[in-house]
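**Q** Kindly return the folded structure for what I paste below:
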Amino acid sequence: GELMGAALADGGKVLTESDPEVSEAVDFVEFYTKTAGFWHERPGMRARGRGVVAVVSPWNFPIAIPCGGIAAALAAGNTVILKPASDAVLVAYELCQCFWRAGVPAQALQMVPCSGATGGQRLVGHRAVDTVILTGGTETALRMLAAKPAMNLLAETGGKNATIVTALADRDQAIKHVLHSAFSHSGQKCSATSLLILEDEVYHDQAFRRTLCEAAASRVVGSAWDLPTSIGPLIRPPAGELQRGLTQLEDQESWALEPRFDGGNPNLVSPAIKWGVQPGSFTHMTELFGPVLGVMRARNLSEAVQMVHATGYGLTSGLESLDDREQAIWMASVKAGNLYVNRPTTGALVLRQPFGGMVKSSVGPGI
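**A** Modelled structure (predicted):
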């Protein structure tokens, strides 16, 4: 409860989003404990820690992701320095308290709240740090490696994820899954669906478009302290690429659902759906990390997969189709770390699937 309260107060995370995080954190602790035990029990094998591990964690998953990094490093016999995101320091402190109360020595797990651009940069580049576990932007990982090419970096980075809906999909189910994937936690997930690629027949289905937009518009946007809220505040007011994505249309694009900005709270933005996003455009190629869903048209499944790959990212990918043949074609051809058939693209479960990406969505051996 204290972890969920801290995530709400620090990051505006609604309770329905932070509750699964606590479960995931517990699962990580169990998983890495058992994994370490498994390797230690192998005949003729000897395991040893690398030394000091810096865990650089994000603000959008402030409970589960730092817990996973800490648990993995400790279970493998290392000491840990946690550098949490500046927007989620309170959650990180409460998380460390859990480990300290459980008996992990304060010398083995330490927390350094600091700016990523100053103290954080010095920490990850320090010669005494043996391994860095990062969850963050692709550019952040590349900057780290440029500053220290020999860094042992394990990074899960950005995503520009798509869900393809073919003419052979259950269209109501597809809408349900896409809305959850695109707008839960206000789209502030690296695994979120930010592109909806529709096969020609679905793209021109007016009932599908109307239902999608009406369902998105019905989501309750408000304070994370209010229990009916399903879409809480952004971590900060939209700026840069996200602001452009929420306010500007490009050639042939139109608003299927135009976002609403709350005059009393600049962090509150309702879902936005752009129709007619063109291949190679800003919305197609840019990770926006907010409640913006770009809708594209594909002639067939093969063309849709090409649109997915054109982004250069490969974290999660979704397909909505009831046809076994289409599912087999898609699974054999799409390049992403986590593939979801007739499911939302968020909510990876520990042990059910390893979470990681390909191409620009992962740096290091986790690929």
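
**Q** Just give me the longest helix of this protein.
**A** Longest among the helix segments of the chain by residue count, using DSSP state H, is helix 15-40.

**Q** Mind giving me the packing neighbours of it?
**A** In terms of contacts (3 or more Cβ pairs under 8 Å, 6 or more residues apart in numbering; DSSP states H and E), helix 15-40 is packed against helix 2-11, helix 64-75. For the C-beta atoms, the positions are set from N, CA and C on the backbone; glycine is no exception.

**Q** Just the buried positions in it, please.
**A** For helix 15-40, a neighbour-count test (16 or more other Cβ atoms under 10 Å) marks 15, 17-19, 21-22, 24-25, 27-29, 31-32, 36 as buried.

**Q** ok, now stretch 169-178?
**A** Buried residues in stretch 169-178, defined by neighbour count with 16+ other Cβ under 10 Å: A169, R171, A174, I175, H177, V178.

**Q** Let's have these in CSV, adding distance to R219, pLDDT and secondary structure.
**A** Output for the buried residues of stretch 169-178, formatted as CSV (distance: Cβ to Cβ, whole Å; pLDDT from 0 to 100; DSSP: H, G, I helix; E, B strand; the rest coil):
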residue, distance to R219, pLDDT, secondary structure
A169, 22, 98, coil
R171, 19, 98, helix
A174, 17, 98, helix
I175, 12, 98, helix
H177, 14, 98, helix
V178, 12, 98, helix
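
**Q** Any idea what A162 is bridged to?
**A** When bridges are called by DSSP bridges, A162 pairs up with L195, S317.

**Q** isn't it right next to S317, touching?
**A** Yes: counting by Cβ atoms under 8 Å, S317 is a contact partner of A162 at 6.2 Å.

**Q** hmm, back to that, quick check: which of the helices and strands packed on helix 15-40 is buried the most?
**A** Stretch with highest mean neighbour count among those: helix 64-75 (a mean of 25; mean count of other Cβ atoms under 10 Å).

**Q** neighbouring contacts of that helix?
**A** Outside helix 64-75, the residues within contact range by Cβ atoms under 8 Å, 6 or more residues apart in numbering are 21-22, 24-25, 28-29, 31-33, 35-36, 53, 55, 57-58, 79-80, 82, 84, 92, 95, 99, 104, 108-109, 131, 133, 135, 350.

**Q** quick one on the thing from earlier: of all the helices and strands packed on helix 15-40, which lies closest to E41?
**A** Comparing those against E41 with Cβ to Cβ, the closest turns out to be helix 64-75 (13.7 Å).

**Q** Can you name the element that comes right after the closest one?
**A** strand 79-83 (DSSP states H and E).

**Q** Paired strands for that next one, with orientation please.
**A** Strand 79-83 has the following sheet partners, assigned by DSSP bridges: strand 52-56 (parallel), strand 109-111 (parallel).

**Q** who's Y340 bridged to?
**A** With DSSP bridges as the rule, Y340 is bridged to G318.

**Q** quick one: contacts for it?
**A** The contact partners of Y340, taken as Cβ under 8 Å, 6+ apart, are T316, S317, G318, L319.

**Q** and the residues you listed as CSV, adding pLDDT and distance to H185?
**A** Shown next, in CSV, are the contacts of Y340 (pLDDT from 0 to 100; distance: Cβ to Cβ, whole Å):
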residue, pLDDT, distance to H185
T316, 97, 14
S317, 98, 19
G318, 98, 17
L319, 98, 23
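
**Q** the helices in the stretch 101-250 of the chain, which residues?
**A** Assigned helices in the stretch 101-250 of the chain, in chain order: 121-125, 138-147, 171-183, 200-203, 206-217, 240-247 (criterion: DSSP state H, counting those that start in this stretch).

**Q** so which of the ones you listed gets nearest N342?
**A** That would be helix 171-183 among the helices of the stretch 101-250 of the chain, by Cβ to Cβ, at 6.7 Å.

**Q** by contact count, what packs against that closest one?
**A** For helix 171-183, the packing partners by 3+ Cβ pairs under 8 Å, 6+ apart are strand 161-165, strand 193-199, helix 206-217, strand 292-298, strand 316-320.

**Q** Can you list the neighbours in contact with the second one?
**A** Right, strand 193-199. Residues from elsewhere that reach strand 193-199 (Cβ under 8 Å, 6+ apart): 160-167, 178, 181-182, 187, 208, 277, 284, 287-288, 292-301, 304, 307-308, 311, 316, 318, 344-346.

**Q** That one vs helix 240-247, what angle?
**A** Strand 193-199 and helix 240-247 are oriented at 50 degrees to each other (axes from the mean of the first three to the mean of the last three Cα atoms, to 10 degrees).

**Q** nearest spatial neighbour of H177, skipping sequence neighbours?
**A** Using Cβ to Cβ, 6 or more residues apart in numbering and skipping the chain neighbours, the partner closest in space to H177 is P344 (4.7 Å).

**Q** tell me the contacts of the one you found?
**A** H177, V178, H180, S181, T193, G318 are the contacts of P344 under Cβ under 8 Å, 6+ apart.

**Q** Would you format the residues you listed as TSV with distance to A239 included?
**A** Listed next are the contacts of P344 as TSV, based on distance: Cβ to Cβ, whole Å:
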residue	distance to A239
H177	30
V178	26
H180	26
S181	24
T193	23
G318	28
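
**Q** List just the nearest of those to I329.
**A** G318 (14.7 Å).
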